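**Student:** Please find the sequence and the predicted model below.
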Amino acid sequence: MAQKPLFHIEIDGSAQAARKLRGSREDIVKQFERGLRLSGEIIMGEARDIYVPVDTGTLKSTGHVIGPTTNKRTSIVDLAFGGPAASYALEVHETNKAYNNGKVWKYLQTPAQKFPFEEAMQKFIDVGLI
């Protein structure tokens, strides 16, 4: 059974980024999904490598990206921490506390809010990743 995501973060700029894609509707959806997945992987990588507090490493090791899933009007990629760390992942994320080595609470929200989605989508297009 798939891990239920603990956090949902909406990315602004997705409509503008989708307008830059070319092809049939199906092609555009697939390109957008690839860009969304790449964006999720980058955000998750930053969360794991830069932001998530580490004691034993269990929480850090559980970060993963799910999707994309697409319906008629929406494509979603979920970012989740949990698994063996599920009992404390949300508590660590939401507890404002000083952590060692520059790690922070809001370890997933912070990189997601800083991520320049529209610019990233343009770079993905420019280098042929989507």
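**Tutor:** The structure has been received and is ready for your questions. Quick caveat: nothing in here was measured; it's all calculated off a predicted structure.
**Student:** how close does R73 get to F124?
**Tutor:** As defined by CB to CB, to the nearest Å, R73 lies at a distance of 21 Å from F124. Yep, even glycine has a C-beta here, placed from its N, CA and C like the rest.
**Student:** Compare these two and say which one has the larger neighbour count.
**Tutor:** In this view R73 and F124 are compared by other CB atoms under 10 Å, and F124 has more residues nearby, 20 against 5.
**Student:** Now the helix or strand harbouring the more buried one: buried residues?
**Tutor:** With elements taken from DSSP states H and E, the one containing F124 is helix 117-126. Within helix 117-126, the residues that count as buried by 16 or more other CB atoms under 10 Å are 117-118, 120-121, 124-125.
**Student:** Tabulate these (TSV), appending pLDDT.
**Tutor:** Written out in TSV, the entries for the buried residues of helix 117-126 read as follows (pLDDT from 0 to 100):
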residue	pLDDT
F117	84
E118	82
A120	86
M121	84
F124	86
I125	84
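**Student:** Looking at those, which one is closest to A89?
**Tutor:** Of all those, A89 sits closest to F117, with 23.9 Å by CB to CB.
**Student:** Where in the protein is the helix or strand with the lowest mean pLDDT?
**Tutor:** Evaluated with mean pLDDT, DSSP states H and E, the helix-and-strand set of the chain has its lowest mean pLDDT in helix 14-19, which scores a mean of 66.
**Student:** Distance of V54 relative to V92?
**Tutor:** 10 Å.
**Student:** picking up where we left off before, closest to E26 out of the buried residues of helix 117-126?
**Tutor:** E26 has its nearest neighbour among those in I125, at 17.1 Å by CB to CB.
**Student:** Run a quick check on the closest one versus G23, I expect a contact.
**Tutor:** No: with contacts defined as CB atoms under 8 Å, I125 does not count as touching G23, sitting 11.5 Å away.
**Student:** Overlap in contacts, those two.
**Tutor:** Here I125 and G23 share the contacting residues Q31, scored by CB atoms under 8 Å, 6 or more residues apart in numbering.
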